[in-house]
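*Asks:* Structure of the sequence below:
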Amino acid sequence: MELLLLFTGALFFALYLQRKKQSSNYKIDQGMLMTNDSLNQVNIPLTEIVDVVRIGKNAKPNFWFNLEAISGRLDNVAIFTRSNVSYLLRVRNGRAFIRELKEQKSNVYRKAEVI
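*Replies:* Modelled structure (predicted):
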């Protein structure tokens, strides 16, 4: 019984760490949007950002146990720049990300959501 409780605690701790890692994959500081993933770090100047689009929603899984409901769902956000380079980010809360970006730079356009 103690082994089962220990395993359950370890599972929830691992999910917590995964969620924390995925939710903090960007930072806005000193006029730069800094994004991190497991392989790359990209710095995008806020002055270059023109459009921000939150892209669609993932299909709901048909399983009875939905792991994404526990660990959280990632949103796809596309960022378009003046230099015709676009970036696709996966963030925990797309609306909060766009709101935070608009607070830093008010002339960023937000296009309609693509579903």
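*Asks:* And the strands in the chain?
*Replies:* 26-29, 32-36, 41-45, 49-55, 75-81, 86-91, 109-110 (DSSP state E).
*Asks:* Output those strands as CSV; include the columns mean pLDDT.
*Replies:* Formatted as CSV, the strands of the chain follow (pLDDT from 0 to 100):
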stretch, mean pLDDT
strand 26-29, 84
strand 32-36, 86
strand 41-45, 89
strand 49-55, 87
strand 75-81, 87
strand 86-91, 85
strand 109-110, 68
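*Asks:* Report the central residue of the protein.
*Replies:* Val91 (0.3 Å; Cα atoms, centre = their mean).
*Asks:* quick one: Asp51 from Thr35, how far?
*Replies:* 16 Å (Cβ to Cβ, to the nearest Å). The C-beta positions use only the backbone N, C-alpha and C, and glycine is treated the same way.
*Asks:* Arg82 now?
*Replies:* From Arg82 to Thr35 the distance is 18 Å (Cβ to Cβ).
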